[in-house]
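A.B. asks: Generate a structure from the sequence data that follows.
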Amino acid sequence: MMKIDLRSDTVTLPTAGMRAAMEMAELGDDVYGEDVTVNKLEAKVADMFGREAALFCPTGTMTNQLAIRVHVQPGDEVICDKLAHIYLYEGGGIALNAFASVRPLDGDLGRLTAEMVERSINNPHDIHQPITKLVCLENTVNKGGGSMYDFDEIKRIKQVCKKNGLILHLDGARLFNALVETEQTPQDYGKDFDSISICLSKGLGCPVGSVLIGSQELVSKARRFRKVMGGGWRQAGALAAAGIYALTIMSTA
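C.D. replies: Residues are numbered from 1 along each chain as shown. Next up, the predicted model:
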């Protein structure tokens, strides 16, 4: 009797076609910006989301933490749900990497509302409180049983962020699951978020890899911090080829 491992979508294995694409990938040194296949993946993802640039990384934890590190200053505050991956499962990285405080909110299956966000913004003139700088959403929410945001609520949260000068980041590790079930496109998300992290190893079947998406300035700064975190890899094109294959063949985006 065949057993199916349902612990996580991260235990999926590459298809034969994906393995063939990996084997044939053109390689170079990504630290020097010379891996053609990595460059193609980053350009493809940036274009897919309608943004200027993207950065290929080993994990979604790294792409989330790079975004937070770039967006905030030490002592700033990050708003997220109490079930958020960035809060529960990234080793205290917000404190370790960004020296920032966290305001975890009690949302609905991991989902925040615009009203909740607005109520939680600190008075920037109160020296007793950290400065609220960043709002992080997760879609779909892993600890929420795969719960999805209503995109209209995301747009309302974006308006709260704009009104209060806050930055909006998306942990979109399983965003393609939400895209399959809704009418939104990657470009819709690209318009409303200042940065987006997507995982190629969740739902898309790649063996490894995540991508951080945003402005050229964001990605340039994140690339420097990626190197600091030990994420500067060399001939990574074989892994990037799996991502290109997945986004071309296995994604409905």
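A.B. asks: now Thr185: how far from Val70?
C.D. replies: As for Thr185, its distance to Val70 is 25 Å (criterion: Cβ to Cβ, to the nearest Å). For every residue, glycine as well, the C-beta is placed using N, CA and C.
A.B. asks: An error on my part: the question was meant for Thr15.
C.D. replies: Thr15 is 34 Å from Val70, by Cβ to Cβ.
A.B. asks: Where do the strands of the stretch 151-253 of the chain begin and end?
C.D. replies: 167-172, 195-199, 210-214 (DSSP state E, counting those that start in this stretch).
A.B. asks: Tell me the neighbouring strands of the last one, and mark each as parallel or antiparallel.
C.D. replies: To tie it back to what came earlier, the one meant is strand 210-214. strand 53-57 (antiparallel), strand 195-199 (antiparallel) (DSSP bridges).
A.B. asks: Check the longest one too.
C.D. replies: Paired strands of strand 167-172, with direction, are strand 131-138 (parallel), strand 195-199 (parallel) (DSSP bridges).
A.B. asks: Give me the contacts around that strand.
C.D. replies: Strand 167-172 is contacted from outside by 60, 64, 67-68, 71-72, 84-86, 133-139, 157-158, 161, 178, 189, 192-199, using Cβ atoms under 8 Å, 6 or more residues apart in numbering.
A.B. asks: circling back to that earlier point, ok, Thr185 and Val70, which is more surrounded?
C.D. replies: Val70 (24 against 15; other Cβ atoms under 10 Å).
A.B. asks: Run a quick neighbour tally on the closest residue in space to the more buried one that isn't next to it in sequence.
C.D. replies: Using Cβ to Cβ, 6 or more residues apart in numbering and skipping residues adjacent in sequence, the residue nearest Val70 is Lys221, 4.6 Å away. Here the count is done by other Cβ under 10 Å, and Lys221 has 18 residues near it.
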